[in-house]
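Colleague: Whatever this is, show me its structure:
(one chain, ligands or ions: 1)
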Amino acid sequence: MTDLIKTSKKDGILTITMNRPDKKNALTTGMYSDMTKAIKDAANDSDLRVILITGSQDAFCAGNDLMDFLNNPPQDDSSPVLQFLKTLSEAELPVVAAVNGTAVGIGTTMLLHCDFVYVADDSTFSLPFINLGLVPEAGSSMLLPRLAGHQRAAELLMLGEPFTAEDAKEVGFVNRICKPEDVLDTAMKTAEKLAKKPQNALRETKALMRQDFESVAARISREADVFKDCLTSEETKNAITTFFGRKKPGAPKSG
Ligand code: COA
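Modeller: As a prediction, the model looks like this:
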């Protein structure tokens, strides 16, 4: 484990904290691998009953590390990002998310695989794949239209503009909007309630609710094939170069 992902266990709850605040918790391959291991290990740890995922106060997660996209692009289903998505989407234990600050790209799409999502009233979300010359991931091309209807999903995925906590709740993947200082406590209270439920029934309930996981897994994989090709395109290289050049004197501001 790197210290960019911190884990702690208490009263049956595994808390996974993305801890790279200087980069807004952008996820590197190592961070994906650490989170995958933590989620997998939790399923076999008889002391654990619930997983809680959180980030820092001003950032839940700024998405995949854009430098990693250039230097370590995911090649196939064995890549750390795809292993993480597979593991999260098939997690046996209930997953609760506590979101403060910004959630971009996979920072937002991972929430589609959580069972409970609590967000700060000033948190912001975005699915900027299109602006990077990329396509949706994490099964979001299937899960978002299902949740929000085609037109609202098209707005999020084809325009790629930031949206608010209220919008996210309306789309349907947020349980409750909280004051920023209350998000973690609220999420923890739900995790504590879940930890006290009959555990076999809880796991079986989750498994029954996720019965279409095979089609979700197939979509994640199909998206990844297209995504991988897009990553090597000039459109994407230019967009990422523009992002990293945005603070240089005279560089245009990225949107
Ligand atoms: N990959 C790599 N580095 C990232 C990053 C990412 N996805 N997101 C942010 N960072 C880095 C920035 O380069 C900056 O590093 P620096 O201080 O060394 O220059 C640092 O994190 C802080 O980011 P900054 O842009 O200054 O913060 P902000 O509050 O103005 O904006 C974001 C925050 C998340 C809105 C903005 O950083 C952003 O748009 N990031 C890219 C998100 C993205 O496109 N993710 C991929 C989706 S598929």
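
Colleague: Go through stretch 14-28 and flag the buried ones.
Modeller: For stretch 14-28, burial by neighbour count (16 or more other CB atoms under 10 Å) applies to 14-18, 20, 24-28. Bear in mind the C-beta positions are built from the backbone N, C-alpha and C, glycine included.

Colleague: Could you do stretch 148-163 as well?
Modeller: Applying 16+ other CB under 10 Å to stretch 148-163 flags 148, 152-153, 155-157, 160, 163 as buried.

Colleague: measure the residue nearest to D65 when sequence neighbours are not counted to G139 for me?
Modeller: With CB to CB, 6 or more residues apart in numbering as the criterion, D65 has its nearest non-adjacent residue at 4.3 Å, and that residue is A26. From A26 over to G139 the distance is 21 Å, taken as CB to CB, to the nearest Å.

Colleague: quick one: which of the buried residues of stretch 148-163 is nearest to the ligand?
Modeller: The shortest approach to the ligand among those belongs to G160, at 9.3 Å (CB to the nearest ligand atom).

Colleague: which residues does the closest one contact?
Modeller: Counting by CB atoms under 8 Å, 6 or more residues apart in numbering, G160 touches 126-131.

Colleague: Any buried residues in the least confident helix or strand in the chain by mean pLDDT, and which?
Modeller: Within the chain, no helix or strand scores below helix 66-71, which has a mean of 91 by mean pLDDT, DSSP states H and E. Using 16+ other CB under 10 Å as the test for burial, helix 66-71 gives 66, 68-69.

Colleague: After it, which helix or strand is next? Please name it.
Modeller: Later in the chain than helix 66-71, the nearest helix or strand by DSSP states H and E is helix 80-89.

Colleague: how about F244, what does it touch?
Modeller: 66-67.

Colleague: Look up the pLDDT of it for me, please.
Modeller: At F244, the pLDDT value in this model is 92.

Colleague: What of the one 5 residues further on?
Modeller: As predicted, P249 sits at a pLDDT of 53.

Colleague: With K253 instead?
Modeller: pLDDT, K253: 43.

Colleague: again with F213
Modeller: On the pLDDT scale, F213 gets 84.

Colleague: I'd like the distance between it and L143.
Modeller: The gap separating F213 from L143 is 11 Å, by CB to CB.
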